[in-house]
Structures are given as structure tokens and as C-alpha cells.
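Enquirer: Structure here, sequence nowhere to be found:
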């Protein structure tokens, strides 16, 4: 059963304390919203047993960000479609450092998620596409003493 408190779906959250008996158990019967904070009204969630608290955006690319959700999605969409840092910053209306930081945080989060999900694969076949790349040296940069 889904329990929604304000705009927060509590069925997605569990206690983060490994020593608590509610650790890993999801739902409103195990956690509650204590308060909201910040300009985005982020929920601060606590365990009903041990009172360990955490942000609803903990362990997500949204954690500790000051940009709106709409700008975050626009930045990530632009970057994943091959947009450059400068052009993304100009289109969205944020600083280049913000785009870089969000890209780094989202990339690290994606890597962590990928490493968690893609483990212990049992496959019968692997098909790999080859990419051929040619790297040439310009004549002025060649070392004449080195054999090719």
C-alpha cells in the first residue's frame, strides 16, 4: 500500500541505520516525515524505531543541489544528448561550473547504480561491436630516432 505524506511517497524509503531492525524495510509503517527544509521543500525522513534521519534526496543526483528539478533535468538531458558544457550552461541559464558538478555527480551515481545492477551475469554469448580508430602523428611531432 502506498502512503503519501504531502508530496512524498513513503513506500520508497527505509531506515538507513544498519543496526536498526527496520533497516531495509520500506513503507510508511517504518518511516515518517519529520519536516521539510530548503527552498525546494525537501522532506526530512526519520525511522520510527531508531529516529535516524535523512533527506529524501539522499543517494540521488538531486542531493545538496540548489538548482530546480526542471533545470537539473534540462542539464542532464543536454549532456546525455552530446551537448557541451558551455552550450548547456548558456541554454539552461546556469554557470559552467554548475553543469560540470551536476555532470560529475550524475555520472558517479550512474556508475554506482550500474555496478550494483550489473553483477554476476551468467551469459552464453557475448557480442561486441568493434570500433576502428586510426591515430596519426604529424610529421613535425615524429621522433626521427624512434622506429614506427
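Expert: In hand now; what should we look at? A quick note: this is a predicted structure, and the numbers were derived from the prediction, not measured.

Enquirer: contacting residues around the closest residue to residue 21 other than its chain neighbours?
Expert: In space, and not counting its chain neighbours, residue 21 is closest to residue 49: 6.2 Å by CB to CB, 6 or more residues apart in numbering. All C-beta spots, glycine's among them, are computed from the backbone N, C-alpha and C. Applying CB atoms under 8 Å, 6 or more residues apart in numbering, one finds that residue 49 lies in contact with 15, 20, 21, 22, 30.

Enquirer: Please tabulate these in TSV, including the columns distance to residue 109.
Expert: Converted to TSV, the contacts of residue 49 look like this (distance: CB to CB, whole Å):
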residue	distance to residue 109
15	21
20	25
21	28
22	25
30	24
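
Enquirer: in the chain, which spans are helices?
Expert: Secondary structure of the chain (DSSP state H): helices at 69-80, 85-92, 96-117.

Enquirer: so what's residue 54 scoring on pLDDT?
Expert: Per-residue pLDDT puts residue 54 at 83.

Enquirer: Residue 37 is in contact with that one, correct?
Expert: No: using CB atoms under 8 Å as the test, residue 54 is too far from residue 37 to be in contact (11.9 Å).

Enquirer: Have a look at these two and say which one is more surrounded.
Expert: Set residue 54 next to residue 37 and count neighbours by other CB atoms under 10 Å: residue 54 wins out with 18 against 11.
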